[in-house]
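Asks: How does the following fold in three dimensions:
(one chain, ligands or ions: 1)
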Amino acid sequence: MIADRLEHICSRIRTSTASCGRDPGSVRLVAVTKTHPADAVREAYAAGQTLFGENYVQEAREKIAALSDLPLHWHFIGHLQSNKAKYAVDLFDLIHTVDSLKLARELDKQAAKRGKVQQILVQVNVGYEQTKSGVFAEDCLDLVQSIALLSHLQILGLMTLPPFFDQPERVRPYFRRLRELADGIRAENLPGVRMEELSMGMTGDFTAAIEEGATLVRVGTAIFGERKR
Ligand SMILES: *Cc1c(COP(=O)(O)O)cnc(C)c1O
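Replies: As a prediction, this is how the structure comes out:
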């Protein structure tokens, strides 16, 4: 079941990259496992998936510990509170959701303690939604410049969670805005700042996101089914 769904998503990723002339290897699938048990992750791993995303630190700590026998990669995609930064640095290869200097400083401090350079993305609130996290587009360059000075963090790109629409075509302008923002920051050639990754697109709209340049798509429901909470 999970294997079939995963293959279906991978095939849609290949079709989308082909339709816009992109290399299929330029898009990575983050399989989002929040609320789903460790056994579901094992099933996905057996089908070839090694990259997973979690939203809640406590849930992730338990799940990752239960799966420590597998060679998995974990990304953090939820809202991160500064007091959980230490756990996030221990658990995750990439943190997609850095949206304040306060959080960045705490992550930098925790990474320094561990002798790690933590890779991060800066989360942008492209839709100016009050309920969502993320820095506003016009404040993004300033935040990136400040974070670039922190020696134990490395910025790889940008992430967004755009406004929800039933039709993916209505989300597309927000994906485009994130790509244009990344292009603008890349043109600044800031030392230590890479703008290679664009984390955007979920179950309902990941093909549009790929057409607009996504390099990381975060898909949960289409692989693991509806979440119960
Ligand atoms: C839950 C979640 C996803 C996955 O959403 P689906 O619609 O289930 O694919 C992607 N990104 C973030 C930030 C999420 O919280």
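Asks: okay, and for this protein, where does confidence drop off?
Replies: 229 (pLDDT under 70).
Asks: run the last query once more with 90
Replies: Applying pLDDT under 90 to the chain flags residues 192, 228-229.
Asks: Enumerate the residues of it near the ligand.
Replies: 32, 34, 55, 77, 161, 202-203, 218-222 (Cβ under 6 Å from any ligand atom). C-beta: built from backbone N, CA, C; applies to glycine.
Asks: Most neighbours among these, which one is it?
Replies: Most neighbours among these, by other Cβ atoms under 10 Å: residue 77, with 27 neighbours.
Asks: just the helices in this structure please.
Replies: Applying DSSP state H to the chain gives helices spanning 2-19, 38-46, 57-66, 85-91, 101-113, 137-148, 168-187, 206-211, 221-224.
Asks: Spit out the contact partners of the nearest residue to residue 183 once chain neighbours are set aside.
Replies: In space, and not counting its chain neighbours, residue 183 is closest to residue 195: 7.6 Å by Cβ to Cβ, 6 or more residues apart in numbering. By Cβ atoms under 8 Å, 6 or more residues apart in numbering, residue 195 lies in contact with 155-158, 182-183, 185-186.
Asks: how about a cut-off of 6 Å?
Replies: Neighbouring residues of residue 195 by Cβ atoms under 6 Å, 6 or more residues apart in numbering: 157, 182, 185-186.
Asks: So which of the residues you listed is the closest to the ligand?
Replies: Nearest to the ligand, judged by Cβ to the nearest ligand atom, of these is residue 157 at 14.9 Å.
Asks: Report how many residues lie close to that closest one.
Replies: Residue 157 has 24 neighbours, counted by other Cβ under 10 Å.
Asks: Which strand residues bridge it?
Replies: On the basis of DSSP bridges, residue 157 is bridged to residue 121, residue 197.
Asks: quick one: it from residue 151, how far?
Replies: Distance, residue 157 to residue 151, using Cβ to Cβ, to the nearest Å: 19 Å.
Asks: Same question for residue 5.
Replies: Counting by Cβ to Cβ, the gap from residue 5 to residue 151 is 41 Å.
Asks: Which one of these two is surrounded by more residues?
Replies: The neighbour count for residue 5 versus residue 151, taken as other Cβ under 10 Å, is higher for residue 5 (18 against 11).
Asks: Buried residues, stretch 222-229. List them.
Replies: Residues of stretch 222-229 classed as buried: 222-224 (neighbour count, 16 or more other Cβ atoms under 10 Å).
Asks: ok so, going back, ok, which of the helices of the chain comes nearest residue 125?
Replies: Nearest of the helices of the chain to residue 125, taken as Cβ to Cβ: helix 137-148 at 8.0 Å.
Asks: buried sites along that closest one?
Replies: Burial within helix 137-148, assessed by neighbour count using 16+ other Cβ under 10 Å, is assigned to 137, 140-141, 143-144, 147-148.
Asks: ok, now stretch 37-49?
Replies: Result for stretch 37-49 [16+ other Cβ under 10 Å]: buried residues 40-45, 47, 49.
Asks: and what of stretch 63-73?
Replies: Counting neighbours by 16+ other Cβ under 10 Å, one finds that the buried residues in stretch 63-73 are 63-64, 67, 72.
Asks: Looking at the residues you listed, spot the one nearest residue 165.
Replies: Proximity of those to residue 165 was ranked by Cβ to Cβ; the top entry is residue 63 with 30.7 Å.
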